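> Fold the following.
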Amino acid sequence: MKLQCPAMCCLSLLTILIFRDVYANDTDKPSSASPKKKKSLLDYNDADMERIYDEWEKDEEPLAEDELPEHLRPPPQMDFSKLDISNPENILKLSKKSKSLMMFVTVNGNPTKDELESITSLWHGALFNMHLETQRFLIDEKRAIFMFKDGSKAWEAKDFLVDQNRCEEVSIENKSYPGKHATRKSSENENAKTEL
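Next up, the predicted model:
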C-alpha cells in the first residue's frame, strides 16, 4: 500500500507511535495485582528519614571549604620555618589560626552590672574598630568572655585589654595576664596560682 497524501503519512506515523508507547507501558508495569501502598508521613521512623536525607544529599555538590563546620575543616598548613620557637605564644597563635577561642577578662574593683556592661561594651567596640571580630558574653559580676572566630587574633586583643584602666586580668588558654593597672594584691594572687 502506497500512501500518497502527506496527511495520511503523518496520521499513520502518529498511530504507530501511540500503539508503541501503550504497548511499552504495559510491559513495564509489575505483574503484581496490587499496587504498592504509599506510607503516611506520620508512620516514618528515623531510618526512613535517614534514607530520605541520604537520597537528598546524594547528588549535592560538596560544600566549599569555608562553608564547612569548623570541626570538618582541614587545619591550615603551619609554616614552622618562620616560627620563633623560643616564644611559646607564637606557637599558640599559629595553632589557633582559624579556630574559635575564648578569652576571659576580669574587671577590677566592684563594678555594678551596668558598669560591667558599659566597660566591656566599650572594649568590644574598640576591638571591633581594630578589625578583631569578637562576641562578648557577661558571665558574673566582674568577668566577661570575648569569643574569637580566629583564635590567633586573641593575643592582639590581649595586648590592648591589659593596657586598659579597668582591666584586672586577661586569661587565654589557662594562662593569666595581669592588667597594667591591676592592684598589686590581685597580681600577687595570680602569681601564687601559677606557681601551684
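
> Which parts of this structure are helices?
Ranges of helices in the chain, per DSSP state H, are 6-28, 46-57, 88-95, 113-129, 154-161, 184-195.

> Can you spell out which helices and strands pack onto the second one?
Applying 3 or more Cβ pairs under 8 Å, 6 or more residues apart in numbering; DSSP states H and E, one finds that helix 46-57 contacts no other helix or strand. C-betas here are computed from N, CA, C, even on glycine.

> between the helices of the chain, which has the poorest average model confidence?
Mean pLDDT across the helices of the chain is lowest at helix 184-195; the value there is a mean of 52.

> what's the pLDDT at the closest residue to residue 93 other than its chain neighbours?
Distances taken as Cβ to Cβ, 6 or more residues apart in numbering place residue 152 nearest to residue 93, at 4.6 Å, with adjacent residues excluded. pLDDT for residue 152: 91.

> Would you check that my belief about residue 152 contacting residue 100 is correct?
No: applying Cβ atoms under 8 Å, one finds residue 152 not in contact with residue 100, separated by 11.2 Å.

> More neighbours: which of these two?
residue 152 (18 against 13; other Cβ atoms under 10 Å).

> How much space separates that one from residue 115?
According to Cβ to Cβ, to the nearest Å, residue 152 stands 31 Å off from residue 115.

> And residue 134, by the same measure?
Distance of residue 134 to residue 115, given as Cβ to Cβ: 20 Å.

> The two: which has the busier surroundings?
residue 134 (19 against 14).

> The more buried one: what's it in contact with?
Contacts of residue 134 were listed using Cβ atoms under 8 Å, 6 or more residues apart in numbering, and they are 124, 127, 128, 146, 147, 148, 157.
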